[in-house]
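**Student:** 3D model of this:
(chains A and B)
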Amino acid sequence: MPLQLQWYLSTLSHYVGAAIAIVALMWLTNKGLRRLGLRGDAAMGLALVVPWLLGLLIWNAGPIVASLYFSFTDYNILQAPKFVGLDNYEKLISGDPNFWPSVRLTMVYAALTVPLGLVGSVVAAIMLNQGVKGIGLWRTLYYLPAILPAFVTALLWRLMFLPTRSGLVNSATEPIWSLFGDKPPGWFLDRDMLLWGFVIMSFWGVFGANTVIVLAGLKNIPRDLYEAANVDGAGVWARVRHITLPQLSPTLFYLIVMGIIAAVQVFDQPLFIQLPAGSPTFLNVYLYGQGFQFFQMGYASAIAWFMFVIILLLTLAVFRSSAAWVYYESEARK
Amino acid sequence: MSLRGVTAEQVGGAAVLGGSAREGRRGLRKQLRLLPVYILLGLGGIFALVPFIWMLSTSLKSQAQLFVFPPEWIPDPALWSNYAEAWTALPFSAMLMNTIFVTALAMFGELASASLVAYGFARFNFPFRNILFVLMLSTMMLPWVVTLIPSFIIWRVLGQINTYDPLTVGALFAWGPFYIFLLRQFFLTVSREIEEAAIVDGANSMQVFWHVMLPLVKPVLLAVAVLSFQGNWNNFRGALIYLQQPIERFTMPLGLQFFQASLSNEAPRWHYMMAMSGLMALPVIVLFFLAQRQFIEGIQLGGVKG
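**Tutor:** Presented below is the predicted three-dimensional model:
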C-alpha cells in the first residue's frame, strides 16, 4: 500500500471514530437527561451543543489553564515541566533584550494598520455608496486581495518591495525619492522601513474586505434619515458626521475589535518575509521561535499569556469606550 | 431570506440610475458630478489590481528578465513552462492530494458540527443557554497562541504529531465559533410555524433539522462552506506546527514556504515562486468568482448582524 494512502487511512479512521463517539455522546446526553427528568426540549438542546461543549473543554478551557501553569514552569517537552515560579515572567520583563522590541513592533503595527484600514475602507465605501455604476464590479475588484492566502500576499509584496531598482514599487517611486535627494529604501531589508512595508501590505490585504462590510452597513441606514437631513439643509459633512458615522458605529466597532485581534496576532506574513539580521520580529513569530525552535515551552507560554492579557485589555478598552460612541437603534428607542 | 434582501437592495440602488430619457439625462449629469469619485475609485482599483498583474507577469519571465530596469510588464516570450517546472521542482502533486484530503475532512467537520450546535442554540430552551452562547462568542476573541502549546502537547501524547489528525479531527468539535454564530442567526429567522407543521406530521427534531431547517438556510450554509474552504485550504499555521518531513507529507502552504526558503539560498527564483503562488491561490479565486455572493455576504453578515 502506498505510504500516502496509509497516512490518509490512519487519519480517516481516527476521524470517523471521533465522529461516532461524539454522536454517541449526543445520543446519551439526550436519553440520559430525559431519564433524569429534564424536559425533552432542554435535553435535546443540550445534546445538540455537545460537540461544541466538548471542544470548549478539550481545546479551550483545558489548554488555557494548562498554558497558565506551563508559564510558571521550565518545560522543554521531553522532560516533565519543572515549576520555577515567576522566572519566565521576570525574564520577559527584564531579562530578554529581544522581547520588548518585538512588543513595540507589534503594537506600533497594530496602532497603524487598524485605523488606516478603517479610514480607507469607510472613505471607499462612502464613495461606492454615491450611486456609482457597476457597483458589483467595484466590490469584486476591491475584495479580490482579501481572498489571497496571507502568505501569498506576503510573497507578492516581498517581490513588489524588492530593494533594487527593478522592484516595482521602487522603480515607480524612484523619481519621488530622488526629489528629496534620497535613494529608494530597502523596505523589508531596512530595519527602519520594514514596519511601513508591513503596514502597506496589510492595508492592501484587508481594506477591500472591510470596504465590503462597511458598504453593507451603509446600505442598512434608513434613507428617510438622509431625506430629513436634506429638508433641514444639512451639508455633506454634517450628514456624514451626524447620520452616517453614528449609524455605522456598530459596524466600525466590530471592525476595530476584529482588526486589533488580527493585527496583534499577525503570523503568516512575517514567516514568509525574512527580516534583516538584528531586527525585532512580530510577537507571534517570536513566540513560535521560543516554543517550537528552542523548545522553551514554559517561556513561550508566558509570552502567550502576556499577549492574551494585552488583547483582553485592548478589547475591554474598546468595549468600555463603545458606550460613548457606538449607537444602537434599540437603545435609542427605549 | 434576508441574505437575498441585501443583494436585492443593492441591485435596486443601481437600478435607480436607469429609467426614462429625462431621468437618463439627469442621471448623466449626476454621473458627471461623480467624476472625481470615479477617479478616486479607479485609483483604488489600480492599487488593488496591480500586484495581481505583477504576479502573473513575473510568473512568465525567465531568470534573466526578472531584474531588468525599467520593469517589463509583458514578458516576451511568455514562459508558461515555468508553471510545470515549478510544480515538479518539489513533490507538489502529493502535497495537492494532502491539501485536498485535509480540506475536505475539516470542511465537513466544521459544517456538520457548527450547524448542529447552531440549531441547538437557536431552537431549544436549555439551562445556561444564554451564558453558554456568550461564552461561545467570547472564544472568538481568544488568541490562538494561548491554547497552542497545550493543544500541541495533547496531540503529542496521542502520538499524532506529523499526521493529519490535528488539522482535521478537531473540526468535529465545532472549532469555528463564527460559523455557529452565523448559522444560529439564520435559524432564528425561520418561522416556527414551518417547524411545527412538520412536527404535527410526526417528524422528530433531527428530521426537522435535516428536511426543514437545513434546506431553508442553504444560502448561509454555502457562505459558511466557502469561508471554511478558504480557511482550511490556506491553513499554513496548523501545517507549520504539526507537519514535518518528508516533504511528501506537507500540505501546499507549508510546501510553498519550504520552496521559498530553499530557493532564497540560491539566486531568488521569483518566477517559480509567483507561478506556485498563483496556482495555490487559483482554486480560491475560481471559487470566489463562482460563489461571489456567498463570499461577500458571509463576511458582511458578521459586521451587520454582529
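**Student:** in space, what's closest to A:Trp305 - neighbours in sequence excluded?
**Tutor:** Nearest non-adjacent residue to A:Trp305, counting by Cβ to Cβ, 6 or more residues apart in numbering or on different chains: A:Ser71, 5.1 Å away. All C-beta spots, glycine's among them, are computed from the backbone N, C-alpha and C.
**Student:** so that neighbour makes contact with A:Tyr89?
**Tutor:** Yes - A:Ser71 lies in contact with A:Tyr89 (Cβ atoms under 8 Å); the separation is 7.4 Å.
**Student:** regarding B:Leu79, what is its secondary structure?
**Tutor:** Three-state assignment for B:Leu79 (DSSP: H, G, I helix; E, B strand; the rest coil): coil.
**Student:** hmm, B:Leu60 and it touching each other?
**Tutor:** Yes - the pair B:Leu79 and B:Leu60 qualifies as a contact (Cβ under 8 Å) at a distance of 5.4 Å.
**Student:** show me which of A:Ser71 and A:Tyr89 is the more surrounded one.
**Tutor:** A:Ser71 (25 against 17; other Cβ atoms under 10 Å in any protein chain shown).
**Student:** show me the residue at the heart of chain B, geometrically.
**Tutor:** For chain B, the residue nearest the mean C-alpha position is B:Gln230 (2.7 Å; Cα atoms, centre = their mean).
**Student:** now do the shared contacts for B:Leu79 and B:Leu60.
**Tutor:** B:His271 (Cβ atoms under 8 Å, 6 or more residues apart in numbering or on different chains).
**Student:** just to revisit the earlier point, between A:Ser71 and A:Tyr89, what contacts are shared?
**Tutor:** Counting by Cβ under 8 Å, 6+ apart, the shared contacts of A:Ser71 and A:Tyr89 are A:Ala302.
**Student:** look up how far A:Asp190 lies from the residue nearest to A:Trp305.
**Tutor:** Look at A:Ser71 and A:Asp190: by Cβ to Cβ, to the nearest Å, they are 35 Å apart.
**Student:** likewise B:Phe47?
**Tutor:** Per Cβ to Cβ, B:Phe47 is found 22 Å from A:Asp190.
**Student:** count the neighbours of A:Ala43 for me.
**Tutor:** The number of residues packed near A:Ala43 is 21, by other Cβ under 10 Å.
**Student:** that one belongs to a helix?
**Tutor:** Yes - assessed with three-state DSSP, A:Ala43 lies in a helix.
**Student:** in the strand or helix carrying A:Tyr254, what's buried?
**Tutor:** Assigned by DSSP states H and E, A:Tyr254 falls within helix A:245-264. Using 16 or more other Cβ atoms under 10 Å in any protein chain shown as the test for burial, helix A:245-264 gives A:247-264.
**Student:** B:Pro71 touches A:Asn170, doesn't it?
**Tutor:** No - between B:Pro71 and A:Asn170 there is no contact under Cβ under 8 Å: 9.8 Å.
**Student:** and these two? which has more neighbours close in?
**Tutor:** Neighbours per residue (other Cβ under 10 Å) separate B:Pro71 from A:Asn170, with A:Asn170 holding more: 22 against 19.
**Student:** residues touching the spatially closest residue to that one that is not a sequence neighbour, list them.
**Tutor:** Leaving aside its chain neighbours, A:Asn170 sits nearest to A:Pro184 (3.8 Å; criterion: Cβ to Cβ, 6+ apart). With contact taken as Cβ under 8 Å, 6+ apart, A:Pro184 is in contact with A:163, A:165, A:167, A:169-170, A:173-174, A:177.
**Student:** B:Glu110 too?
**Tutor:** Counting by Cβ under 8 Å, 6+ apart, B:Glu110 touches B:171, B:174-176, B:179, B:224, B:228, B:232.
**Student:** kindly reformat these as CSV containing pLDDT and distance to A:Ile303.
**Tutor:** CSV is the format used below for those (pLDDT from 0 to 100; distance: Cβ to Cβ, whole Å):
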residue, pLDDT, distance to A:Ile303
B:Ala171, 91, 27
B:Ala174, 87, 28
B:Trp175, 86, 23
B:Gly176, 83, 25
B:Tyr179, 88, 29
B:Val224, 86, 33
B:Ser228, 89, 30
B:Asn232, 92, 27
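**Student:** mind telling me the two of these farthest from one another?
**Tutor:** Farthest apart among these by Cβ to Cβ are B:Ala174 and B:Asn232. That separation is 14.5 Å.
**Student:** just to revisit the earlier point, so which of the contacts of B:Glu110 are in helices?
**Tutor:** The helices, defined by DSSP state H, take in B:179, B:224, B:228, B:232 from the contacts of B:Glu110.
**Student:** quick check, nearest of the contacts of B:Glu110 to B:Gln244?
**Tutor:** For the contacts of B:Glu110, the nearest to B:Gln244 is B:Asn232 (19.6 Å; Cβ to Cβ).
**Student:** in terms of contact, does the closest one touch B:Phe101 like I think?
**Tutor:** No - the criterion here is Cβ under 8 Å, and B:Asn232 misses it with B:Phe101 at 10.7 Å.
**Student:** ok, these two, which is more surrounded?
**Tutor:** Between B:Asn232 and B:Phe101, B:Asn232 has the larger neighbour count (other Cβ under 10 Å), namely 22 against 19.
**Student:** give the contact list for that one.
**Tutor:** Contact partners of B:Asn232, counting by Cβ under 8 Å, 6+ apart, are B:102-103, B:106-107, B:110, B:167.
**Student:** how close does it get to B:Leu287?
**Tutor:** 12 Å.
**Student:** so how far is chain A from B:Gln63?
**Tutor:** Using Cβ to the nearest Cβ, to the nearest Å, one obtains 13 Å as the distance from B:Gln63 to chain A.
**Student:** in a helix, B:Lys61, correct?
**Tutor:** No - counting by three-state DSSP, B:Lys61 is not found in a helix; it is coil.
**Student:** mind jotting down where the helices sit in the stretch 51-200 of chain B?
**Tutor:** Taking DSSP state H, counting those that start in this stretch as the criterion, the stretch 51-200 of chain B contains helices spanning B:81-89, B:92-123, B:129-139, B:144-157, B:165-168, B:177-189, B:192-200.
**Student:** near chain B, which of the buried residues of helix A:245-264 show up?
**Tutor:** Restricting the buried residues of helix A:245-264 to those near chain B by Cβ under 8 Å from any Cβ of the partner chain leaves A:250-251, A:254-255, A:257-258, A:261, A:264.
**Student:** in the helix or strand B:Pro36 falls within, what's buried?
**Tutor:** Element membership for B:Pro36 (DSSP H and E) is helix B:35-59. By 16+ other Cβ under 10 Å, the buried positions in helix B:35-59 come out as B:37-38, B:41, B:44-45, B:47-48, B:50-52, B:54-59.
**Student:** how far away is B:Ile100 from B:Ala239?
**Tutor:** 14 Å.
**Student:** and what of A:Gly134?
**Tutor:** Distance from A:Gly134 to B:Ala239, counting by Cβ to Cβ: 39 Å.
**Student:** and A:Leu38, its phi and psi?
**Tutor:** In terms of degrees, to the nearest 10, the main-chain angles of A:Leu38 are phi -80, psi 150.
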